[in-house]
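Participant: generate a structure from the sequence data that follows.
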Amino acid sequence: MEIALGLSFPGKLQDEAVICYLCKRFDIELRILEASFSMSSGWAILKIEGSSEEIEKALVYLAAKEIKIQKIETIK
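Facilitator: From the prediction side, this is the model:
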């Protein structure tokens, strides 16, 4: 399965390697298509590929971090 996501990050996560952690903790491949970060907030557009179960676990992790998730497209 492959999906495209838009993510909005709260400023309190500025010192956490959230995107890096996704690739290490979950069996997914991740591509950053576009991103912008500042001290107060950030956003990223990502393509994530992996099993539907691993992607769902990654989305639960992101939601627990209070990252807003917008599903843009399911590609496969």
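
Participant: hmm, who's touching the helix or strand containing residue 20?
Facilitator: For residue 20, the host element (DSSP states H and E) is helix 18-25. When contacts are defined by C-beta atoms under 8 Å, 6 or more residues apart in numbering, helix 18-25 is touched by residues 9, 28-30, 32, 44, 46, 48, 58, 61-62, 65, 67. Any C-beta I mention is one placed from the backbone N, CA and C, and that applies to glycine too.

Participant: ditto for stretch 63-76
Facilitator: By C-beta under 8 Å, 6+ apart, stretch 63-76 touches 1-10, 13, 16, 18, 45, 47, 49, 59, 62.

Participant: how about a cut-off of 6 Å?
Facilitator: Contacts with stretch 63-76, where a contact means C-beta atoms under 6 Å, 6 or more residues apart in numbering, come from 1-10, 62.

Participant: show me the contacts for residue 47.
Facilitator: For residue 47, counting by C-beta under 6 Å, 6+ apart, the contacting residues are 4, 31.

Participant: could I get the buried residue list for the longest helix seen in the chain?
Facilitator: The longest helix of the chain (DSSP state H) is helix 52-64. Buried positions in helix 52-64, judged by neighbour count with 16 or more other C-beta atoms under 10 Å: 54-55, 57-59, 62.
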